[in-house]
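> Following is a predicted model, sequence given first.
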4 protein chains.
Amino acid sequence: MSKYIFRNDYSEGCHPNILKALTESNLVQSTPYGTDDYSNAARDLIRAEMGTKDTDIFFVSGGTLANLIIHACALKSHEAVIAPLSGHIQTNEAGAIEATGHKVIAADVVNGKLTAENLQKVIDTHNHFPHVTRPRLVYISNATEIGTVYRRDEVAALSKICRDNKLLFMIDGARMGAAIASEHSDLTLKDVASFADIFWIGGTKAGALFGEAIVIPNKALAEDFEIHLKQRGALLAKGSALGHQFKELFTDGLYFELAKRGNDMAAKMAQGIKAAGYEMAAECEANMLMAILPNDVITRLETEFDFYRWKVIDEERTQLRLVTSWATDGTKVDRFIEMLKS
Amino acid sequence: MSKYIFRNDYSEGCHPNILKALTESNLVQSTPYGTDDYSNAARDLIRAEMGTKDTDIFFVSGGTLANLIIHACALKSHEAVIAPLSGHIQTNEAGAIEATGHKVIAADVVNGKLTAENLQKVIDTHNHFPHVTRPRLVYISNATEIGTVYRRDEVAALSKICRDNKLLFMIDGARMGAAIASEHSDLTLKDVASFADIFWIGGTKAGALFGEAIVIPNKALAEDFEIHLKQRGALLAKGSALGHQFKELFTDGLYFELAKRGNDMAAKMAQGIKAAGYEMAAECEANMLMAILPNDVITRLETEFDFYRWKVIDEERTQLRLVTSWATDGTKVDRFIEMLKS
Amino acid sequence: MSKYIFRNDYSEGCHPNILKALTESNLVQSTPYGTDDYSNAARDLIRAEMGTKDTDIFFVSGGTLANLIIHACALKSHEAVIAPLSGHIQTNEAGAIEATGHKVIAADVVNGKLTAENLQKVIDTHNHFPHVTRPRLVYISNATEIGTVYRRDEVAALSKICRDNKLLFMIDGARMGAAIASEHSDLTLKDVASFADIFWIGGTKAGALFGEAIVIPNKALAEDFEIHLKQRGALLAKGSALGHQFKELFTDGLYFELAKRGNDMAAKMAQGIKAAGYEMAAECEANMLMAILPNDVITRLETEFDFYRWKVIDEERTQLRLVTSWATDGTKVDRFIEMLKS
Amino acid sequence: MSKYIFRNDYSEGCHPNILKALTESNLVQSTPYGTDDYSNAARDLIRAEMGTKDTDIFFVSGGTLANLIIHACALKSHEAVIAPLSGHIQTNEAGAIEATGHKVIAADVVNGKLTAENLQKVIDTHNHFPHVTRPRLVYISNATEIGTVYRRDEVAALSKICRDNKLLFMIDGARMGAAIASEHSDLTLKDVASFADIFWIGGTKAGALFGEAIVIPNKALAEDFEIHLKQRGALLAKGSALGHQFKELFTDGLYFELAKRGNDMAAKMAQGIKAAGYEMAAECEANMLMAILPNDVITRLETEFDFYRWKVIDEERTQLRLVTSWATDGTKVDRFIEMLKS
């Protein structure tokens, strides 16, 4: 019997509506490279969610691809990005940003997040030109790598610093759904579109088979964007395969409904962990938990579950990362909690 | 009524078997990043076709991504690739190879193909070191950009020159199926695996929804290849979505059966064009035609069909590119020929 | 006895005035990185020659460094340069431009030069976006790689096409002195500054020990230019070493006087070659000759001289490249001609 | 009256022997690109100092250029360098390494130095492949950015870790002379050549007008190195200008004699600062001082001296960086100490 996977939020396929849409239209001819009707419909649905009319939107197959293309597009060769020390582009993208030629300048984090104060500190001390690169972009991910989410005023404050300092502001939204749907935040997608110059809305971890939507509120960054897509290998020939997915996800609020379900599963699991007397390394605010458990408990859990041993805390305890999603089997969450108690 | 598209071989979705497989396994959990059972099964099927046991195989979402990763992996920073003047990486990938830092050295073509003689000529004249880059890789695409295919001895000759000159040999197989299935060539996939150091087998244009399989007969090139995939944004989280597709395509010879169908459609269309008294700019050997038609005929065809005006021949005639595929509607080919005659 | 070198224009040291200036100021402290008084004086002297007041000017140690920094600065990642097929960045810089991530698009040449017609042709056919890079820069070198020079109206025409097509125009002036001083051209440095967005004035081949001056008439390109210099390793700590050289060269017209001397030597040599009954592959317009000589004559000349066998013409003749400079020993030119006759 | 500069070690020209050598040979023809007799003689002198016979040595015009070329040469595209947080490539080269496509992984420092323990820690925790880059190179600078120097056993320990982990080891020797000549270290140039795979010996800060010598004990890294030089714009046409400088510096031990003089000046200054009752932020072990002085004292010193305000310590004190060199005027050191006391 294989173990149930709480290691990530991309172990299953996609929401059934997507497979249905793909199947129904399968032999209908479409124009290529994202110019098809389904992609355009998806764009309109996302725009409606943001309350905008003509924001440029492009679909790509994965998150690292989205991140590296945004950097390649936004930065001139002597410019750099400021990102939290724990940011995905710092730690988990195999040097993808540097491979496009740009330095990733580290900023300290608080609770997994870049604070206005820490951002300002990096800006203030990174001024020994021409011996240092020119910071031009600020990167955050929301939800963060440890499952916390930004409040509206936190994003607003970062955005203001960026605008005051002629910095572009980007948000990696691999888990944007979970962040927006979180009960711990008042941030809306409309807010995101008003605060960020460019951001992406994750599909892969939120009900799609694959794919992310890059949204570009700052028109200047949208110019020639398709050339950037092509140059980095991201211009999918059968773009409708991406269009279908975002069309389905943004119909009747499905995207946020699925995100909420993932968050609820995580909340339930967090509650169970706390109820069993264990500590969390970070508040569970989205669909990810950072739980600190005794090693013997972990070993027992590992007989039935697969998850990520994130960090050794001390000789007896380890911090785990547990991730839920729209597809999480609720009975497995119950079983996990049950095993914790015994 | 929308026009029927002969512009490319990626206007429809995918072979129904693929959608069926995705649907049936949709909520089954899989391990990520290409480590899943479906991907492994697909690898074994492809290996069986090549008669090898442990050749490394990786799946990516598109062809330009495959090409740029292969170059980033195979070349050191001072090294370059030699490619035919009409090669896809020269003309249609928005500088993707150069964006990884490498020069694409042009070689002359004959009938769309790189010849042994022209390759040798470039090698012989590209020796003014250190003022020129070091050629290290030779690129061809098969089928070519004009729909011709390489014979076994042609590929063997190129491969020999490469090995004699310490050059790596890669084959862009966006239309590898059409090339292998072509009646005009005796080349097999097993041959390709023995002649090339690295190559890729196209799925997008051959029955998949998206995806290409990178095959690496030369073990040295496979080292750390996943890091290259990750760094270029090609390590799909739900790798099983790619695994399923190649598993289905390489089950019971479906891949070559579909390719043959596309070729047959093109052959039929070519026959019709010739029968109507018109000339071809290149022999139709795979699933692509380069037909030279009078402008008034073209205008009439454009009322019902969409295709690519490739090149102006003279004041009265234009060269068209017409492409067929596994999904081409045979009645539309008939109708096209019928309109030609009238 | 070593052979006399006509292979290039960088076999000797520098004009004695430069060594004198370096020696006299040797232990005087200067501010670093090109902020010193000598560099500023040099800038003013060059500006006076162009009739401008505040044009930005930067000094770097060599020509390839100048070229690659200009490209890294002027181009965004998806943009490309158009350059003549025989251009130095195409053929003799080891992929330096591609190593900064940019494609070099080839244009045909006439008499070593990019013509307005050929430039327009590349622009007109390079429009299949997003599948091709965006041309943004046009590169020429003057004098050309075969020793011809551009007339004022030729440069004006190229400049006009660039401005009409939102293309930046750069001129590689490794032999700018020879071009301006040429009797075959009416182009002035003032013209160059009005036609080009950015260009460089070669010192290495024109009397300096090393060093080139990058001149940026288009203010937008000068922004953060020092960061580009630093990032590419071109911000010389003891910038005064470059400042001194250009200060001396642009005092009292020395730069053009030296260039003229190099041209005169070449003209004399060309005259001798023609008088001896031999052909030239290109008109000698600057300080370089492309002479076609019988192989037995060449073998005899090689007993006393070192030069470049450029190209085999036929079984009996080879095209030589011969280069003169400000430092050429006139008696050696005489001896060369004398040997030709015998 | 201009202030006396203690801001850096590159305010003056070069040792007079160099100007003498350049002047005497000025009109003698040399072969280009570092193939000349002077460069070869310089190579032999450096080899003699290291006790080796055929170590490859290349000369370039500056330190950032040396660093970026070494990285471009040593690393494949998915590989990264580990460098101390305060390393020059981290903090003061405007993203030069990242611009060649490689991530610079930060390691903590102790007393300005990378310790074996901290190096091992980075190696041990940087293993989440393929999501992280592959560390392949370890970088240190000696003397460090704060003027401390490595002992022989410290370098030996780092070298051993590198070899045990298949990592290449490079040493940035912008101040290699000062490090070797330091009374605080027992390291010799011969040691450096045995421990490092590649390193460079700084000329710019040690008596040359410009130029650094890249030394490559690991033969594999020397292959095609000239192509790397050319591609990055570092292959100086008149290479003899570099050859002369290193020939003079490595004749009769001049290089280390000059370095010792710089160190002695710094030691004297450090002694004066301590005698005046002030603290040092780091032990002065080479030609650089990190002194902590009261702001009013600094303001007074600034009426006669130019130096670098490195860091605010508290409301009343600031850390200064003071640098001496072979060319430092001893009477100015005396005057500086005198002003401190008053």
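Thanks, I have the structure now. Numbers count the residues shown, from 1 in each chain, chains lettered A, B, ... in the order given.
> In the stretch 51-200 of chain A, what residue comes closest to chain C?
Nearest residue of the stretch 51-200 of chain A to chain C: residue A:130, at 3.6 Å (Cβ to the nearest Cβ). All C-beta spots, glycine's among them, are computed from the backbone N, C-alpha and C.
> tell me what the helix of greatest length in chain A is packed against?
If you go by DSSP state H, chain A has its longest helix at helix A:254-275. Judged by 3 or more Cβ pairs under 8 Å, 6 or more residues apart in numbering or on different chains; DSSP states H and E, helix A:254-275 is in contact with helix A:176-181, helix A:240-249, strand A:279-282, strand A:288-294, strand A:317-323, helix A:330-341.
> among the ones you listed, which is nearest residue C:118?
Between residue C:118 and these, the tightest spacing by Cβ to Cβ is seen for helix A:240-249, at 40.2 Å.
> Tell me how many other residues surround residue A:261.
Using other Cβ atoms under 10 Å in any protein chain shown, residue A:261 has 19 neighbouring residues.
> Surely it and residue A:330 touch.
No. Contact criterion Cβ atoms under 8 Å: residue A:261 and residue A:330 do not qualify, at 9.3 Å.
> Show me which residues of chain A are close to chain D?
A:77-78, A:80, A:91-95, A:98-104, A:106, A:128, A:130-133 (Cβ under 8 Å from any Cβ of the partner chain).
> Which members of the residues you listed additionally contact chain B?
Answer for the residues of chain A next to chain D near chain B (Cβ under 8 Å from any Cβ): A:93, A:94, A:95, A:99.
> Now residue A:170: closest residue in space, sequence neighbours ignored.
Closest residue in space to residue A:170, ignoring its immediate chain neighbours: residue A:198 at 5.0 Å, by Cβ to Cβ, 6 or more residues apart in numbering or on different chains.
> Same check on residue A:28?
residue B:12 (7.2 Å).
> Any chance of the backbone angles for the one you found?
phi -110, psi -180 (degrees, to the nearest 10).
> what's the neighbour count on it?
22.
> Where does the stretch 151-300 of chain A get nearest to chain B, which residue?
The nearest approach of the stretch 151-300 of chain A to chain B comes at residue A:233, 3.0 Å away (Cβ to the nearest Cβ).
> Export the ones next to chain B among the residues of chain A next to chain D to CSV and append columns for pLDDT, secondary structure and neighbour count.
Listed next are those as CSV, based on pLDDT from 0 to 100; DSSP: H, G, I helix; E, B strand; the rest coil; neighbours: other Cβ atoms under 10 Å in any protein chain shown:
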residue, pLDDT, secondary structure, neighbour count
A:93, 96, coil, 27
A:94, 97, coil, 29
A:95, 98, coil, 26
A:99, 98, helix, 28
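> Cross-check those against chain C and keep the overlap.
Applying Cβ under 8 Å from any Cβ to these, none is adjacent to chain C.
> out of those residues, which one sits closest to chain B?
Looking across these and measuring by Cβ to the nearest Cβ, the closest to chain B is residue A:94, at 4.0 Å.
> Could you list the low-pLDDT ranges of chain A?
The model of chain A has pLDDT under 70 over residues A:1.
> Would you mind listing what in it touches chain C?
Residues of chain A lying near chain C by Cβ under 8 Å from any Cβ: A:33, A:72-73, A:76-78, A:100-101, A:129-131, A:133-134, A:224, A:226-231, A:235.
> Return the members of these classed as buried.
Buried by 16 or more other Cβ atoms under 10 Å in any protein chain shown: A:33, A:72-73, A:76-78, A:100-101, A:130-131, A:133-134, A:224, A:226-231, A:235, out of those.
> Now intersect the residues you listed with the helices, please.
Using DSSP H, these in helices are A:72, A:73, A:226, A:227, A:228, A:229, A:230, A:231.
> ok, the nearest residue to the fifth one once chain neighbours are set aside - contacts?
Nearest residue to residue A:228 in three dimensions, chain neighbours excluded: residue A:73, at 4.6 Å (Cβ to Cβ, 6+ apart). Applying Cβ atoms under 8 Å, 6 or more residues apart in numbering or on different chains to residue A:73 gives the contacts A:221, A:225, A:228, C:76, C:77, C:78.
> again, but for residue A:59
Residue A:59 touches A:34, A:39, A:42, A:211, A:212, A:213, A:214, A:236, A:239, A:242, A:243, A:246, counting by Cβ under 8 Å, 6+ apart.
> Of the helices and strands packed on helix A:254-275, which is nearest residue B:288?
That would be helix A:240-249 among the helices and strands packed on helix A:254-275, by Cβ to Cβ, at 21.9 Å.
> Show me the domain layout of chain A.
Listed by automatic domain parsing, the domain ranges of chain A are A:4-10+A:258-341, A:16-254.
> Please identify the deepest-packed of the ones you listed.
Of all these, domain A:16-254 has the most neighbours on average by mean count of other Cβ atoms under 10 Å in any protein chain shown, namely a mean of 22.
> does chain B sit close to stretch A:138-147?
No. Using Cβ under 8 Å from any Cβ, stretch A:138-147 stays clear of chain B, with a minimum separation of 15.0 Å.
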